[in-house]
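J.: What would the 3D arrangement of this be:
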Amino acid sequence: MAKVKDILNFFDTKAPFYMKLDFDNIGLLAGFPEQEVTRCVAALDITDEVIDEAIAAGAQLIVSHHPLLFHPVKSVVEGEDKGRKLIKLIKHDISAICMHTNLDTADGGVNDMLMAAMGAQVDGLLTPHGAHPDGRPYGVSRCGHLPQSVEFDVFLQSLKSALGCSTLRYAGGRPVRRVACCGGAGAGDMEAALAAGCDTYVTADLKYDHFLWAKEAGLNLIDADHFCTENVVVPVLVQWLHEGFPEVTVTISERHGQTIQFC
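T.: Coordinates of the predicted model:
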C-alpha cells in the first residue's frame, strides 16, 4: 500500500524539488508521512471547499500546485485562514503535498502543458534559472512556435476554449506564430519574450502598465487568468499518480474553479 512519503518521493522524481525557485515552499506541508493512501484529491489550491471534498471522499491526501503555507507559521488557531485549514486537515487525517515552482519548471509541467493548450511546439526556455546535475538548463517560461501563422482573434478564441477561461484580457492584434508563456504571474518575462523574437506572450496577473508597454513594443500580450493558465497541470498530477500508484483512487476537485469572475 502506498504511503504519503512514497508519493512525495515519487513526485521528487517527476518534478525534482531542487528545481524550485528560492522563495518557494514545497513538498509535504502538512500531515503524516507514514499514512497509507487509498484516495487522493488533486487541485490547484487547497481551499476550504477542496478540504471538504477530500473529507467527503474519504481521501487521505490532497495534492496541489499552490502551497498551503508560504511563510513561517507562528500560530495555528481555529478561525484564522491557515490555522483553520491545518486543523481541519489534521483532524481528518489528511496530508497535503504541494508542488509549485518545481512543477512550473518540470518537463511536462505547467508551462509545457500551457504551450500544448496554445497548440505550440516548445523550442526552448526564455530565462533559465538553474541546471540539472547533467548540465542541462531548466527554467519556468517557455518559447516556441505554432505550426502555422494564425490571425490574432482566431488564436484568442482557441486559447479561451482550450483553457476554459470566462474571458481574456489582451492588447495586440498581430498574427500569431512565435509564442511564449509563463503560467501564473509572469510579467517579468515580457521583455525576454520580445527579445526572443516572439510576437505573442501568454501569462496572467498583468497590470495596465504591462499592456501599455506591450502595445508600444508591438508584442501581443494576453492575460489568460492565473487559475486557467496553471490548472492545465492538474490532470498531469493525476496521470503521474495513476502511473506510479495505480492502486490509489485519484480525483480532480470538482469544487475548485476559476476564482476571478467577470460580468
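J.: CA atoms for contacts and neighbours, from now on please.
T.: Noted.
J.: Which parts of the chain are helices?
T.: 4-14, 48-57, 81-91, 101-105, 110-117, 152-163, 190-195, 208-217, 226-230, 234-244 (DSSP state H).
J.: need the ones you listed in TSV with mean pLDDT, can you?
T.: Shown next, in TSV, are the helices of the chain (pLDDT from 0 to 100):
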stretch	mean pLDDT
helix 4-14	98
helix 48-57	98
helix 81-91	93
helix 101-105	98
helix 110-117	98
helix 152-163	98
helix 190-195	98
helix 208-217	98
helix 226-230	98
helix 234-244	98
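J.: Which stretch among the ones you listed is buried most, on average?
T.: helix 101-105 (a mean of 27; mean count of other CA atoms under 10 Å).
J.: What lies in contact with that helix?
T.: 15-21, 24, 65, 109-111, 138-141, 183 (CA atoms under 8 Å, 6 or more residues apart in numbering).
J.: Okay, and which of these map to strands?
T.: Among those, DSSP state E puts 138, 139, 183 in strands.
J.: For residue 254, which of the helices of the chain is the nearest?
T.: helix 48-57 (8.3 Å; CA to CA).
J.: helices and strands around that closest one, which ones?
T.: Contacts defined by 3 or more CA pairs under 8 Å, 6 or more residues apart in numbering; DSSP states H and E place helix 48-57 against strand 39-43, strand 61-64, helix 81-91.
J.: Let me know the distance separating the most centrally placed residue in the chain from residue 246.
T.: For the chain, residue 230 is the residue whose C-alpha lies nearest the centre (CA atoms, centre = their mean; 3.5 Å). Relative to residue 246, residue 230 is positioned 25 Å away (CA to CA, to the nearest Å).
J.: now residue 203
T.: Taking CA to CA, one finds residue 203 at 34 Å from residue 246.
J.: More neighbours: which of those two?
T.: Neighbour tally, residue 203 and residue 246, criterion other CA atoms under 10 Å: the higher count belongs to residue 203, 27 against 13.
J.: Give the bridge partners for the more buried one, please.
T.: residue 223 (DSSP bridges).
J.: quick one, what contacts it?
T.: Contacts of residue 203 (CA under 8 Å, 6+ apart): 181-187, 221-226, 229.
J.: One more pass at 6 Å, please.
T.: 181, 182, 183, 184, 186, 223 (CA atoms under 6 Å, 6 or more residues apart in numbering).
J.: Quick check: the gap between the residue in the chain sticking out farthest from the centre and residue 189.
T.: The centre of the chain is farthest from one residue, residue 216, which by CA atoms, centre = their mean lies 29.5 Å away. Distance of residue 216 to residue 189, computed by CA to CA: 16 Å.
J.: ditto for residue 76
T.: Taking CA to CA, one finds residue 76 at 37 Å from residue 189.
J.: For these two, indicate the residue with more neighbours.
T.: The neighbour comparison of residue 76 against residue 189 (other CA under 10 Å) goes to residue 189, with 20 against 14.
J.: phi, psi of the closest residue to residue 93 other than its chain neighbours?
T.: Nearest residue to residue 93, sequence neighbours excluded (CA to CA, 6 or more residues apart in numbering): residue 60, at 6.2 Å. Per-residue torsions, residue 60: phi -100, psi -10 (degrees, to the nearest 10).
J.: what's the burial count for residue 60?
T.: 24.
J.: Residue 192 versus that one, what's the distance?
T.: In terms of CA to CA, residue 60 sits 42 Å off from residue 192.
J.: Residue 9 too?
T.: Using CA to CA, we find residue 9 at a distance of 34 Å from residue 192.
J.: swap in residue 174?
T.: According to CA to CA, residue 174 stands 18 Å off from residue 192.
J.: ok, now residue 65?
T.: Look at residue 65 and residue 192: by CA to CA, they are 25 Å apart.
J.: likewise residue 98?
T.: 28 Å.
J.: Please name the bridge partners of residue 171.
T.: Listed by DSSP bridges, the beta-bridge partners for residue 171 are residue 221.
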